[in-house]
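Return a 3D structure for these sequence lines:
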Amino acid sequence: QVIADVRRIAGYEAPDLPDTANQLADRIFSTVYMGTVNSSRETCARSCQLAAQIGAKHMDVRIDSVVAALVSLFEMVCKRTPRFRVDGGSFAENQALQNIQARMRMVVAFLLAQLLPWTRGGTGFLLVLGSANVDEGLRGYLTKYDCSSADVNPIGGISKSDIRRFLRWGASNLGYQVLGEVEAAAPTAELEPLRNNHVQTDEEDMGMTYDELTIFGRLRKVARCGPVTMYQKLVHEWRGVHSPSVVAEKVKRFFFYYAMNRHKMTTITPCYHAENYSPDDNRFDLRQFMYNIRWPWQFRKIDTLAERDQ
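Here you go, the predicted model:
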């Protein structure tokens, strides 16, 4: 059946079959790096190297003109020019300018998926693969309808820590050496302007580490913890590492963003479930998607307990 599927999907006529994984990837896998003025040369180079090692057809596409067109449209309609935070803009301006870039990548990805086979003399269409992991979904650290929106997300149910371990293993065992460089690089969205005194990183943006997110996720989903119960568990588990007041702030920060962004899970892309705390609203986690982000009773209770525990 696998042989039959390979011939059908990749367009091989019997008895022909690919001799290597690279040959198969060349037939069925296309990658595209959609960079902007905010993207680094290092990230672009790694994407190109990885595509070459896999055997995928790769394109380097600049989407600045598309982003600029949308900003110009806004300026024409509203007579105002939004600015990034590092240029003196407000939080709303900064978020909007980042989200435009992220959402354009989704639009361009689906356009290419529909038309690339046609440009190559083929028929049908390609599937778009998503790239948001389970921890980003749990925290809501993604733009609604960005590169997390796809036909299927192979890593959507996998934690960041497991992904990083797999990248290290793949670099050593699969022959994709650039995966080691990908894993070693600080995770960053690269949606804000590059400045000597400002480098955007995921964990700084989120206000928590990916390892902490894994702990929060398992306590929330597997242990069924709410804010107060999670604090009570972590104040003991993190004794000697964080003070009760720091634990309280971390728990409250997590639940604030969890509540604020829970709505994003109603449109999350289908994924392979490899983690038991997946926040996937439609298929795995049926909790409500609207919460009071202030958690008034719970947060007051945490503050009382933290003051007692100091």
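
okay, how far is it across stretch 233-246, tip to tip?
14 Å (CA to CA, to the nearest Å).

do you know how far N276 is from K221?
In this view, N276 and K221 are 7 Å apart by CB to CB, to the nearest Å. Glycine gets a C-beta too; all of them are placed from N, C-alpha and C.

Grab the nearest non-local neighbour of F299.
In space, and not counting its chain neighbours, F299 is closest to K252: 5.4 Å by CB to CB, 6 or more residues apart in numbering.

Name the helix or strand for the one you found, please.
Using DSSP states H and E, K252 maps to helix 244-261.

Q101 too?
helix 91-119.

Next SSE downstream of that helix?
helix 134-139.

counting contacts, what elements does that following helix pack onto?
strand 153-157, helix 160-173, helix 210-221, helix 244-261 (3 or more CB pairs under 8 Å, 6 or more residues apart in numbering; DSSP states H and E).

Can you give me the end-to-end span of stretch 276-284?
End to end - CA to CA - stretch 276-284 spans 9 Å.

wait, what's in contact with the closest residue to A223 other than its chain neighbours?
Closest residue in space to A223, ignoring its immediate chain neighbours: K233 at 7.3 Å, by CB to CB, 6+ apart. Residues near K233 by CB atoms under 8 Å, 6 or more residues apart in numbering: 219, 223, 225.

quick one: average pLDDT of stretch 165-172?
Mean per-residue pLDDT for stretch 165-172: 95.

how distant is that stretch from the center of its chain?
With CA atoms, centre = their mean, to the nearest Å as the basis, stretch 165-172 stands 19 Å off its chain's centre.

hey, C-alpha coordinates of it in PDB?
Taking C-alpha atoms only, stretch 165-172 is exported to PDB below (Å, rounded to 0.1, in the frame of the first residue of the first chain):
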ATOM      1  CA  ARG A 165      15.200  16.900  21.500                       C
ATOM      2  CA  PHE A 166      14.100  15.600  18.200                       C
ATOM      3  CA  LEU A 167      16.000  18.300  16.300                       C
ATOM      4  CA  ARG A 168      19.200  17.300  18.100                       C
ATOM      5  CA  TRP A 169      18.500  13.600  17.300                       C
ATOM      6  CA  GLY A 170      17.700  14.400  13.700                       C
ATOM      7  CA  ALA A 171      20.900  16.400  13.300                       C
ATOM      8  CA  SER A 172      23.000  13.400  14.600                       C
END
